[in-house]
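Asker: Attaching a predicted model along with its sequence, questions to come.
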Amino acid sequence: MSEEERICEILSTIKKIKESKQPVRGYFKQNSVPFSRAQYYTYCKTLQKYGEEGLRDKRKDGNYTKLKERIKGYVVSTVEENRSMPSSQLQGKILNQFDVKISESCLNNFRASVSLTRLPAPKEEKYERNKSGGGEILTCLAFFTHIIEVYTKTIIERVNEVRQSPLFKQNKSIGEDHPDIRSHGKFTREYNQLRSVRENRFGSIDEKIREKNFSAMNIFKMSEKVISRYNLALLCLPLVTSNGKTSRVNRVKGNDLAFLCGYNYKDASLNRYLGDLKYLEVADLLITATAKFWMDFWREESEEETYFACYYIDGNTKALWSSNSCYKGRVTMLGRVMNCLENVFIHGGKGHPLYFQTFQGHADLGKHALNMLTKLTQLFDDPSARVSVKRILVIDGGGNGVKTLRAFDDSDEYFITILDDNQVKERKFKHIREETRYKYGNASLVDCQIELRDSSEKGYIYECRAVIVEWDNGRKSVLITDIPCDLLDASEVTKKYFDRWPMQEKQFRDGKSGVNIHRIVDYGMKIENYEKMDEKHGEICKTITQLKSRLEKPLQEIEAIEVQLAHLYRQERAIREKSTIADGKRVLSEADSMELQQCEARINKCIRQQKTIEKEHKDDFKRLKSRLKEEKRIRGR
């Protein structure tokens with residue numbers, strides 16, 4: 001039977017079944033049909049979906065396959081390039097390239113038929129990778145600059161010095177205290193609760209050394225290599241902890257020490273090593289050796305010889321959280337007076353930290369700063385140098401007290417510092433010179449002399465040179481120095497002071513955060529939103545205008561008094577310029593002294609009149625002053 005005859009028979013049979021009035025099941029029982037009842041329903045569905053074409057027998061065309069010839073060629077070329085490619089990966093590549101998903105078994109069979117079965121990938125050498133956060137850069141620099149060798153050499157020299165001392169031999173026979181309470185040589189709770197132990201725990205190190213058995217200390221048994229490794233571990237401590245504490249070494253990040261210094265030290269080992277260094281009293285020697293190293297290092301790097309050498313001094317106050325009685329000071333970052341330590345750093349002219357000392361509580365710069373600089377220069381001065389270098393110590397506003405400035409009177413060093421706003425009054429200036437332009441910026445400079453009073457000694461007058469800096473943006477600064485005008489003019493004095501921001505302040509701020517010099521645990525900064533600052537500034541200006549309108553008459557009276565005061569200040573300045581200051585006292589002729597007293601009396605009378613007017617409108621003037629201060633603060637941002 002041909003294909004056409006077969007289709008005609010199927011169609012005619014289906015037509016007879018549909019035209020008969022019998023059910024399909026009954027028709028099949030009573031009549032002879034060339035196909036089954038199930039095949040009937042299949043033919044009906046095929047006719048409905050594909051028409052007569054769907055009844056044709058397509059088996060002669062062969063089985064349906066997704067693996068076409070072009071896909072086979074792609075598989076062969078891909079697998080030949082990488083025999084280790086798994087069929088699962090090859091399946092994904094075919095899906096992306098041809099949008100056809102072929103089973104892995106089909107691909108495996110084809111690969112076997114063309115002898116392209118998967119071969120195991122060659123084994124690669126495994127390299128141990130360590131995460132150190134770039135710590136290898138620090139260790140590399142430490143060895144390249146030989147700073148580790150300086151630390152190790154200094155400690156070993158001190159160890160040998162102590163080993164040869166009489167105290168080392170004398171205390172060699174001293175055994176453990178309270179051996180019956182200790183457990184295998186370790187401290188126990190009963191031992192720590194002994195009264196003698198508790199009272200001696202915070203005693204002076206000088207007292208403890210007298211009864212210390214140095215021969216029992218580990219550092220006397222260490223080799224040079226081990227000491228160098230300990231020093232490198234301590235140098236890397238800020239990199240493997242969040243705050244520089246040795247206790248954080250026991251955390252996961254602390255395991256990086258094994259990569260950075262060659263041994264995975266823990267908290268107990270580092271604490272014991274630091275304790276040994278404490279009993280060796282090696283701190284001053286390390287500070288001196290480090291300062292000398294960096295002084296020589298930066299001198300070789302810069303190779304600059306100048307007539308003036310600037311040193312920047314800066315303090316860093318850290319909160320000391322302790323229930324014991326300690327010296328207190330103002331901790332700026334917390335905004336409170338509390339137990340603290342202050343590190344005072346001396347930086348070179350390029351902003352590099354050279355020398356530092358730690359003080360309890362607030363460091364008195366007048367008492368310590370000049371001594372630190374003198375000690376530093378005595379250590380590093382080259383006697384064979386033919387050039388005499390003038391040293392200038394640049395101090396921020398924290399060292400502008402008269403007591404600090406008086407310490408420079410008998411010194412060969414010069415100073416430059418800045419005055420606070422409450423220290424600057426017009427009547428303090430004298431010998432005012434002609435205004436000049438700043439050579440290195442947008443400002444006008446006025447060179448003059450200024451008289452300051454010492455609050456710690458009543459009646460003492462300190463006279464020095466001052467430079468009034470009036471910036472073009474409206475700000476005003478007053479610098480004071482003891483450098484003569486023939487050595488540095490006003491522009492050079494101003495530049496040397498304000499160079500401390502790019503040269504020292506910004507560099508030190510970024511640098512000390514990296515080594516946790518100033519960080520406090522669990523302390524952070526809050527980011528303020530200043531989007532509404534313009535609106536706030538406008539409201540303050542509006543309030544100021546209203547207050548000035550309300551106080552129009554009192555302000556006119558005060559302004560009239562200010563005109564009188566301006567005239568009196570000029571008279572007072574003229575008389576003061578005739579005087580000289582000797583040992584904190586004014587030297588003036590008797591006639592001029594009487595005239596000065598009368599002028600000061602008239603000035604004080606005018607000031608009292610101003611205060612009387614302000615007292616009559618106390619609340620309004622108080623609000624006006626506070627609003628003016630706030631407006632100036634916002635405008636300065």
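Answerer: Looks like it came in fine. Numbers count the residues shown, from 1 in each chain.

Asker: what are the phi and psi values for the closest residue to residue 241 other than its chain neighbours?
Answerer: The spatially closest residue to residue 241, leaving aside those adjacent along the chain, is residue 248, at 3.6 Å (Cβ to Cβ, 6 or more residues apart in numbering). Where C-beta positions appear, they are placed from N, C-alpha and C, glycine not excepted. With angles defined as degrees, to the nearest 10, residue 248 sits at phi -80, psi -10.

Asker: do the same with residue 144
Answerer: phi -70, psi -40.

Asker: How many neighbouring residues does it have?
Answerer: Other residues within reach of residue 144, judged by other Cβ atoms under 10 Å, total 9.

Asker: cool, and residue 310?
Answerer: Residue 310 has 23 neighbours, counted by other Cβ under 10 Å.

Asker: give me the beta-bridge partners of it?
Answerer: Counting by DSSP bridges, residue 310 is bridged to residue 392.

Asker: pretty sure it contacts residue 395?
Answerer: No - checked against Cβ atoms under 8 Å, the pair residue 310 and residue 395 is beyond contact range at 11.3 Å.

Asker: separation between residue 266 and residue 235?
Answerer: Computed as Cβ to Cβ, to the nearest Å, the residue 266 to residue 235 distance reads 17 Å.

Asker: out of these two, which sits in the more crowded spot?
Answerer: More crowded of residue 266 and residue 235, by other Cβ under 10 Å: residue 235, with 20 against 15.

Asker: Mind splitting this protein into its structural domains?
Answerer: As recorded under automatic domain parsing, the domains making up the chain are 3-61, 69-113, 135-174+212-281, 284-514, 533-635.

Asker: Rebuild those as JSON lines, extending it with distance to residue 203.
Answerer: Below are the domains of the chain laid out as JSON lines (distance: least, Cβ to Cβ, whole Å):
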{"stretch": "domain 3-61", "distance to residue 203": "101"}
{"stretch": "domain 69-113", "distance to residue 203": "71"}
{"stretch": "domain 135-174+212-281", "distance to residue 203": "12"}
{"stretch": "domain 284-514", "distance to residue 203": "12"}
{"stretch": "domain 533-635", "distance to residue 203": "43"}
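
Asker: Mean pLDDT lowest where, among those domains?
Answerer: The weakest mean pLDDT among the domains of the chain belongs to domain 284-514, with a mean of 78.

Asker: before we move on, back to that, so which of the domains of the chain is nearest residue 205?
Answerer: Taking Cβ to Cβ, domain 135-174+212-281 is the member of the domains of the chain nearest to residue 205, at 6.3 Å.

Asker: Relative to the whole chain's centre, how far out is the closest one?
Answerer: How far domain 135-174+212-281 lies from its chain's middle: 26 Å, per Cα atoms, centre = their mean, to the nearest Å.

Asker: now do the same end-to-end measure for it.
Answerer: Length of domain 135-174+212-281, first residue to last, Cα to Cα, to the nearest Å: 29 Å.

Asker: what are the ranges of the strands in the chain?
Answerer: 308-319, 328-331, 336-347, 353-360, 390-395, 414-418, 429-430, 436-437, 443-453, 461-471, 476-481, 580-582, 585-587 (DSSP state E).

Asker: any idea of the angle the fifth one forms with strand 414-418?
Answerer: Think strand 390-395. On the basis of axes from the mean of the first three to the mean of the last three Cα atoms, to 10 degrees, strand 390-395 is oriented at 20 degrees to strand 414-418.

Asker: do the same with the third one
Answerer: Angle, strand 336-347 to strand 414-418, by the same axes, to 10 degrees: 140 degrees.

Asker: quick one: strands adjacent to strand 336-347?
Answerer: If you go by DSSP bridges, strand 336-347 pairs up with strand 308-319 (antiparallel), strand 328-331 (antiparallel), strand 353-360 (antiparallel).

Asker: Adding distance to residue 586, write these out as CSV.
Answerer: Listed next are those as CSV, based on distance: least, Cβ to Cβ, whole Å:
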stretch, distance to residue 586
strand 308-319, 31
strand 328-331, 34
strand 353-360, 35
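
Asker: looking at these, which is closest to residue 626?
Answerer: The minimum distance between residue 626 and the strands paired with strand 336-347 falls on strand 328-331, with 22.9 Å, by Cβ to Cβ.

Asker: okay, the closest one in CSV with CA atoms only?
Answerer: Provided in CSV are the C-alpha atoms of strand 328-331 (Å, rounded to 0.1, in the frame of the first residue of the first chain):
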residue,chain,number,x,y,z
LYS,A,328,45.1,64.8,84.3
GLY,A,329,44.8,67.0,81.2
ARG,A,330,42.4,68.0,78.5
VAL,A,331,41.8,65.2,76.0
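
Asker: any chance you could map the helices in the stretch 251-400 of the chain?
Answerer: Taking DSSP state H, counting those that start in this stretch as the criterion, the stretch 251-400 of the chain contains helices spanning 257-260, 267-280, 283-302, 365-380.

Asker: on that earlier part again, single out the most deeply packed of the strands paired with strand 336-347.
Answerer: strand 308-319 (a mean of 21; mean count of other Cβ atoms under 10 Å).

Asker: now it, how far from the centre of its chain.
Answerer: With Cα atoms, centre = their mean, you get 17 Å for strand 308-319.

Asker: Could you do stretch 579-599 as well?
Answerer: In terms of Cα atoms, centre = their mean, the centre of stretch 579-599 is set 52 Å apart from its chain centre.

Asker: Can you pull out the residues in contact with it?
Answerer: 451, 454, 457, 459-463, 568, 571-572, 575-576, 578 (Cβ atoms under 8 Å, 6 or more residues apart in numbering).

Asker: Same question for stretch 430-445.
Answerer: 446-451, 467-473, 490-491, 494-495, 498, 573, 576-577.

Asker: mind checking how far residue 204 is from residue 278?
Answerer: Using Cβ to Cβ, we find residue 204 at a distance of 12 Å from residue 278.

Asker: In terms of packing, which of these two has more residues around it?
Answerer: For the pair residue 204 and residue 278, the greater number of neighbours falls to residue 278 (13 against 8), based on other Cβ under 10 Å.

Asker: check contacts around that one.
Answerer: By Cβ under 8 Å, 6+ apart, residue 278 lies in contact with residue 205.
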